[in-house]
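1. Fold the stuff below for me.
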Amino acid sequence: MLMVNLFKVKAKLSEYVDRAARGERIVICRHNKPVAELRPIAGTRTDPRVIGPIRGRPTFDLPPSFFAPMSPDELDQWDGIGTTDPLAGRSPPASGASAAGMAGRGVAQGRKRPRRAPRRRT
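-> A predicted model of the protein is given here:
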């Protein structure tokens, strides 16, 4: 284990990273007090991941009808052709969050809040 002050680490960071990659542990100090540690990362996964179901869970099979083409009526329903708006018959929410309730706050009519002046730095 090597103890090094922060000033020296900043000047030669790549050298200390290389040493850490080789397995050495480096303690970084500020005013000779340890504040951080530079060490190698544990081994990363190199083998390919298995594609498929999660281990321990049952598998399932899709029936051949799943891959069959849809009928024209089913396709029209997916595309929204010939159907009415599903929300057309509903009443507005009871929480008061409708556009009319928000109009007094300048939201529904497209008004923006006034911008604040930027803070001055001193």
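
2. gap between I81 and D73?
-> Per C-beta to C-beta, to the nearest Å, I81 is found 10 Å from D73. Every C-beta, even on glycine, is put in place using the N, C-alpha and C of the backbone.

3. Next: A11.
-> Distance, A11 to D73, by C-beta to C-beta: 73 Å.

4. same deal with R115?
-> From R115 to D73 the distance is 53 Å (C-beta to C-beta).

5. neighbour-wise, which of those two wins?
-> D73 (9 against 6; other C-beta atoms under 10 Å).

6. Name all residues that make contact with the more buried one.
-> If a contact means C-beta atoms under 8 Å, 6 or more residues apart in numbering, then D73 has no contacts.

7. show me where the protein has helices.
-> 6-11, 13-21, 72-79, 99-102 (DSSP state H).

8. wait, which of those is closest to N32?
-> helix 6-11 (10.3 Å; C-beta to C-beta).

9. The closest one - contacts with which helices or strands?
-> Using 3 or more C-beta pairs under 8 Å, 6 or more residues apart in numbering; DSSP states H and E, the elements in contact with helix 6-11 are strand 26-30.

10. what angle sits between the strand it packs on and helix 13-21?
-> On the basis of axes from the mean of the first three to the mean of the last three C-alpha atoms, to 10 degrees, strand 26-30 is oriented at 140 degrees to helix 13-21.

11. Can you tell me the closest non-neighbouring residue to the residue lying farthest from the centre of the chain?
-> Distance from the centre of the chain peaks at N32, with 39.0 Å (C-alpha atoms, centre = their mean). The shortest distance from N32 to any non-neighbouring residue, by C-beta to C-beta, 6 or more residues apart in numbering, is to N5 (7.0 Å).
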